[in-house]
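Student: Below: sequence and its predicted model.
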Amino acid sequence: MFKNWTVLAVPVISVLLGLLAGALIMLVSGNNPTAGYMALWNGAFGDSFYTGETLRQMTPYVFAGLAVAFAFRTGLFNIGVEGQLLVGWLASVWVGLAFELPKIIHLPLAILAGAAAGAAWGFIPGFLKARLRVHEVIVTIMMNYTALHITNHFIRDVISDGADATDPVRETASLQSAFLQSITDFSSLHNGIYLAVIAAIIMWFMLEKTTLGYELRAVGYNQHASEYAGMNVNRNIVLSMVISGAFAGIGGAMQGLGTFGNMFINSGFSGIGFDGIAVALLGGNTAIGVVLAALLFGALKVGSLNMPIESGVPNELVEIVIALIIFFVASSYMITWLLGRLKKKEAK
Amino acid sequence: MDYVIEMLGIRKEFNGFVANDDITLQLAKGEIHALLGENGAGKSTLMNVLFGLYQPEAGRIRVNGQDVQITDPNKANNLGIGMVHQHFMLVDTFTVTENIVLGNEPKKFGTVNMKEAEQKVRELSGQYGLSVDPTAKIADISVGMQQRVEILKTLYRGAEILIFDEPTAVLTPQEIKELIQIMRALIKEGKSIILITHKLKEIMEVCDRVTVIRKGKGIGTVDVSNTNPNHLASLMVGRDVTFTTEKADATPAHNVLEVRDLSVNDSRGVQAVRHLNLDVRAGEIVGICGVDGNGQTELIEAITGLRKTSGGSISLNGKDITGLKPRKVTEAGVAHIPQDRHKHGLVLDYPIGTNIVLQTYYQKPFSKAGIMNYKEVYKKASTLIKEFDVRTPSETTLARALSGGNQQKAIIGREVDRNPDLLIAAQPTRGLDVGAIEFIHRRLIEQRDSGKAVLLLSFELDEIINVSDRIAVIYEGNIVAVVDPKTTTEQELGLLMAGSKKGADEHV
Ligand SMILES: Nc1ncnc2c1ncn2[C@@H]1O[C@H](COP(=O)(O)OP(=O)(O)OP(=O)(O)O)[C@@H](O)[C@H]1O
Ligand SMILES: [Mg+2]
């Protein structure tokens, strides 16, 4: 019981400490923390438009977080979510443009294309690790750059003729939802949010309930024992990178088919893949934790835009708060230690 | 009497499970004090309390007559308490000296002064007869040497009181003799020692007094000079224990395992098993005895499919299984109690319950159409836990939290339960208490009596002689002699293990 409680306590306390530190910084820099945080809250949940934007921002975070968490739970560090997301984005947009099909086929096909591209991008580091013992962190970092430049090349020279962006995907491949827009005062919220929730449930089910999940987690914890038990360790390493990459790839599809409806030249990384690492960390690498952490990140990112307007606090402050939250989670050892101390005092 | 350590009325709970209940232990200056108890009795827990890793819920600790609060291992170090853990805590890629000074580095102008540290390590090593090379890499030295590094680590930090948690479980007989010398040298220099061991012989040989605990409760402290192994065993188990295992003569039938002309390379590519031949028949226990490092590990890994062979063949019930993957070997009817339970035997971060199905998780009823049925898994686990007397708070407790001996019992339960044709048991009783050893030996013999073939690997000559029906002596990757346990002696085995051909011819 106590254990479950600390699992929740660490992220919650980290978030509170992060916000508290943010308030101190506002105070020191001559701003009013109450006004600043009110503006943040209003900018994230103040009315239905902002709530819609927050949920929209949360969607790719969920996928990126799930991708990192899935790999982590099976013993791998997938730093390549950013690249897998980019290729997934491109593949989904390409399928969304190139085919003329009824929506019931076209949309799933475009999403699957995103998943497949992300999976392929995850396969390479998985394969290299399984076969040659090359560390996946190095390969996935390199694959991020490869993805950035390859997708840019495809947009400029293959899909379009030297343009900065692709055409919008066909209506039959779009995730945009008139209904969701109408109830959120025409925010850019799209159907991807449902998919994000479903993906979280799938990841939970896959890890906790399936035979494959039992095997993947076992390999993640102890390769020697897994091999002794007759599991195919190499196959599992590849498989787990492929599944992780597929999550990331669908995250890219959410951007391509939903938020933006196309893809454009990226001069640098979108950052969502890297934020996914933070989301997974804050969410304790569990499905439900990732959803909650993604909601928080979405709210902070969207809400921060309102801070300079309403309270004069620069929105960079939120970046500091996010960094501090991550710092506190990463030093969770300190927090559990503090909790242990408190508990002992109580006992006496 | 002057006590350097007094632990009075210690109580330690884990989530409501009482691991230590009102235990008292008093360590006199200059004595070797044994802590004896069954697997899971709470010995390691009590020592972890003393070393500051756990905080007790009740009780007092006094060091040199002063009440102290030991909040963490650093505090324990400062009070002169050092601990050599059941499982070593060394950095493989560092040298001996680097490991010893870790966290306590001698500084010189802001840089670590390795020369000075090396000198000090060399001095300490000489003083207590440890003969450790301060510049060797941990990965390159034997387990016995690694243990000495752990001892040096405590001495370097100025320990006056040393806690040894089952130090002899991982050592070969020769290394045990040397460790005993080292402990005597430590006492001579005025140190005091708490020794946890399941080997009553060792207690009788080196200890002054014994504190016995049973199921978390203190039973009492006795002088070694007033006791004997039988008395100690009954104190700790709460009933009489027999030391020799009763068994009828074997009635061996057909060959189950046939190893022919087998060659296997070790991890460095050096030939470890050389043209080896071995048969194990249904209804017999064949014991393999030899000095560690003569190819026994590689032989077992080759049979179980964990290691590639470089020549020869292995067959099971007449079917060739050479080069099969571990799963195929398992499905062919081989079970394997691995030598290293933490590395191979268990996924420590899984509940003990799901470890029970580590090889069978994909089969019905545990898995149907790719979905796990954890209810069935835990049902199976709780049956085995009862049958094999695994002491654990519940089947959902992480394997990591079980005491070493209980982890072993769970593995044995899992392997025997699969009803294999061939059971390979590599050091099955390492770290087990006398009661559990008796239990395991009976289980092995039961397997034999029900017509299974059993291959036993052990470094304990007592065990080999007691349990086996035939003893195969392995030397430099070859079976150099097969002897009858009823007529052989430890001396003869010792000679054969050392490579002497004499005496072998009469038996082969
Ligand atoms: N961290 C923990 N959480 C929960 N239970 C624990 C934990 N550590 C130990 N236990 C339980 O406390 C009991 C005592 O364990 P301990 O390791 O002290 O036994 P031991 O006497 O050292 O046994 P062994 O001889 O097998 O090493 C066991 O039943 C074990 O399952
Ligand atoms: Mg122990």
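Tutor: Yep, that arrived. Numbering: from 1, shown residues only, chains lettered A, B, ... in the order given. Ligands and ions are numbered 1, 2, ... in the order given.
Student: surely residue A:51 meets residue A:45?
Tutor: Yes: with contact defined as C-beta atoms under 8 Å, residue A:51 reaches residue A:45; the gap is 5.3 Å. Bear in mind the C-beta positions are built from the backbone N, C-alpha and C, glycine included.
Student: and residue B:300, how many neighbours does it have?
Tutor: Applying other C-beta atoms under 10 Å in any protein chain shown, we find 22 residues neighbouring residue B:300.
Student: That one reaches residue B:474, doesn't it?
Tutor: No: using C-beta under 8 Å, residue B:300 is not in contact with residue B:474, being 10.9 Å away.
Student: where does chain B have its least confident helix or strand?
Tutor: strand B:107-108 (a mean of 67; mean pLDDT, DSSP states H and E).
Student: Toward the C-terminus, what is the element adjacent to it?
Tutor: The helix or strand immediately downstream of strand B:107-108 is strand B:111-112, counting by DSSP states H and E.
Student: what mean pLDDT would you report for that following strand?
Tutor: When pLDDT is averaged over strand B:111-112, the result is 72.
Student: Pull up the residues of the stretch 1-150 of chain B that are close to ligand 1.
Tutor: By C-beta under 6 Å from any ligand atom, the part of the stretch 1-150 of chain B that sits against ligand 1 consists of B:14, B:17, B:19, B:37, B:39, B:40, B:41, B:42, B:43, B:44, B:45.
Student: Sitting in strands, which of the residues you listed do you find?
Tutor: Counting by DSSP state E, the part of those found in strands is B:14, B:17, B:19, B:37.
Student: correct me, but the third one touches residue B:215?
Tutor: Just to be clear, that refers to residue B:19. No: contact criterion C-beta under 8 Å: residue B:19 and residue B:215 do not qualify, at 9.7 Å.
Student: and the residue nearest the centre of chain A, what helix or strand is that in?
Tutor: The centre of chain A sits closest to residue A:64, judged by C-alpha atoms, centre = their mean, with a distance of 2.4 Å. Assigned by DSSP H and E, residue A:64 belongs to helix A:48-73.
Student: Return the list of helices and strands in contact with that helix.
Tutor: Judged by 3 or more C-beta pairs under 8 Å, 6 or more residues apart in numbering or on different chains; DSSP states H and E, the packing partners of helix A:48-73 are helix A:33-45, helix A:81-98, helix A:178-183, helix A:192-209, helix A:211-221, helix A:233-253, helix A:272-282, helix A:287-304.
Student: Let me know which of the ones you listed is the nearest to ligand 2.
Tutor: helix A:211-221 (21.6 Å; C-beta to the ion).
Student: what's next to stretch B:407-414, contact-wise?
Tutor: Identification of contacts with stretch B:407-414 by C-beta atoms under 8 Å, 6 or more residues apart in numbering or on different chains yields B:39, B:337-338, B:341-342, B:345-346, B:352, B:355-359, B:384-385, B:387-390, B:392, B:399, B:402, B:425, B:428-432, B:436, B:439-440, B:443.
Student: Narrow those to just the buried residues.
Tutor: Burial by neighbour count, 16 or more other C-beta atoms under 10 Å in any protein chain shown: within these this picks out B:39, B:337-338, B:341-342, B:345-346, B:352, B:355-359, B:384-385, B:388, B:390, B:392, B:399, B:402, B:425, B:428-432, B:436, B:439-440, B:443.
Student: Looking at chain B, which residue is nearest chain A?
Tutor: residue B:327 (3.0 Å; C-beta to the nearest C-beta).
Student: Assign that residue to helix, strand or coil.
Tutor: The three-state assignment at residue B:327 reads helix, by DSSP: H, G, I helix; E, B strand; the rest coil.
Student: Quick check, it in contact with residue A:230.
Tutor: Yes: Residue B:327 is in contact with residue A:230 according to C-beta under 8 Å; the separation is 3.0 Å.
Student: who's more crowded, the two?
Tutor: residue A:230 (22 against 16).
Student: still on that earlier bit, please narrow the buried ones among the contacts of stretch B:407-414 to those residing in strands.
Tutor: Residues of those located in strands (DSSP E): B:337, B:425.
Student: Can you pull the residues that touch both of residue B:19 and residue B:215?
Tutor: Shared contacts of residue B:19 and residue B:215 (C-beta under 8 Å, 6+ apart): residue B:42.
Student: Between those two, which is the more surrounded one?
Tutor: Here residue B:19 and residue B:215 are set side by side on neighbour count (other C-beta under 10 Å), and the busier one is residue B:19, at 24 against 15.
Student: residue contacts, the more buried one?
Tutor: Per C-beta under 8 Å, 6+ apart, neighbours of residue B:19: B:12, B:13, B:42, B:45, B:216.
Student: Next: residue B:388.
Tutor: Counting by C-beta under 8 Å, 6+ apart, residue B:388 has contacts B:409, B:410, B:412, B:413, B:439.
Student: same deal with residue B:355?
Tutor: By C-beta under 8 Å, 6+ apart, the neighbours of residue B:355 are B:346, B:347, B:399, B:410, B:414.
Student: Make sure the third one is actually in contact with residue B:342.
Tutor: It refers to residue B:399. No: with contact defined as C-beta under 8 Å, residue B:399 does not count as touching residue B:342 (9.3 Å).
Student: what's the overlap in contacts for those two?
Tutor: Common neighbours of residue B:399 and residue B:342 (criterion: C-beta under 8 Å, 6+ apart): B:348, B:407.
Student: Where does pLDDT dip in the chain?
Tutor: Looking at chain A here, since you left the chain open. Screening chain A residue by residue with the criterion pLDDT under 70, one finds the ranges A:1-6, A:333, A:340-348.
Student: you looked at the wrong chain, it should be chain B
Tutor: Using pLDDT under 70, chain B drops low at B:107-110, B:501-508.
Student: residues in it within reach of ligand 2, list them.
Tutor: Contact residues, chain B versus ligand 2 (C-beta under 5 Å from the ion): B:44, B:403.
Student: now the helices for the stretch 401-508 of chain B?
Tutor: Counting by DSSP state H, counting those that start in this stretch, the stretch 401-508 of chain B has helices at residues B:404-417, B:434-449, B:461-467, B:490-497.
Student: check contacts around residue B:98.
Tutor: Counted by C-beta under 8 Å, 6+ apart, residue B:98 has contacts B:91, B:114.
Student: Could you give the backbone dihedrals for whichever residue of the stretch 151-300 of chain A sits closest to chain B?
Tutor: For the stretch 151-300 of chain A, the residue closest to chain B is residue A:230, as judged by C-beta to the nearest C-beta, at 3.0 Å. Dihedral angles of residue A:230 (phi, psi; degrees, to the nearest 10) stand at phi 90, psi 10.
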